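>>> Generate coordinates for the sequence data below:
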Amino acid sequence: MLATYLTAEVIQIKIEVKDWEAAVRAGGQLLFEAGKCTSGYIDAMVRTVHEMGPYMVLAPGLALAHARPEDGVSEVGLSLVTLQTPVNFGNAANDPVELVISFCAVDHESHVDVLKALAMFLREEENQNLLRNAETVEQVLGAFSAQD
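Numbers count the residues shown, from 1 in each chain. Purely as a prediction, here's the structure:
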């Protein structure tokens, strides 16, 4: 299932960003360019962190950026950005972040299976390390294809 959503067009490897906001915007931009959301959704993801804090940093080095469906979602989507230099989101337990997965969903139910599949993939530390250490988009795509 992940290979259906995480395609080459929504993955960027080892990018440089100046801060967490730029990291979130990079992931959101990939969703926007893939036609999954509006540009307003990207702003909403950033605003969510400003308003609610870094709760989306779910595990050491991993953030799951998102906003609400009504903030401009066209269809369910995922993107993945790995960072050349990790950045702090303000989550003392899990900073710095080097993997930013962004998602958007059209409602509060349609993305549940996608997020379950993602959680199953990420619960394996080997898979997290593969993403962190990947040098090419093809390596990432291979990891997701192997899971399907």
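
>>> and the helix or strand where residue 58 lies, average pLDDT?
Taking DSSP states H and E as the definition, one finds residue 58 inside strand 57-59. The pLDDT scores in strand 57-59 average 93.

>>> Model confidence at the spatially closest residue to residue 2 that is not a sequence neighbour, what's the number?
Leaving aside its sequence neighbours, residue 2 sits nearest to residue 144 (C-beta to C-beta, 6 or more residues apart in numbering; 4.4 Å). In short, each C-beta sits where N, CA and C put it, glycine included. You'll see residue 144 listed with a pLDDT of 84.

>>> Then residue 101?
pLDDT at residue 101 comes out at 96.

>>> Quickly list what it is bridged to.
residue 64, residue 80 (DSSP bridges).

>>> what number of residues lie near it?
22 (other C-beta atoms under 10 Å).

>>> shift numbering so it begins at 38
That works, and once the first residue is 38, the last one we named lands at residue 138.

>>> Spit out the contact partners of it.
64, 99, 100, 101, 102, 115, 116, 117, 118, 155 (C-beta atoms under 8 Å, 6 or more residues apart in numbering).
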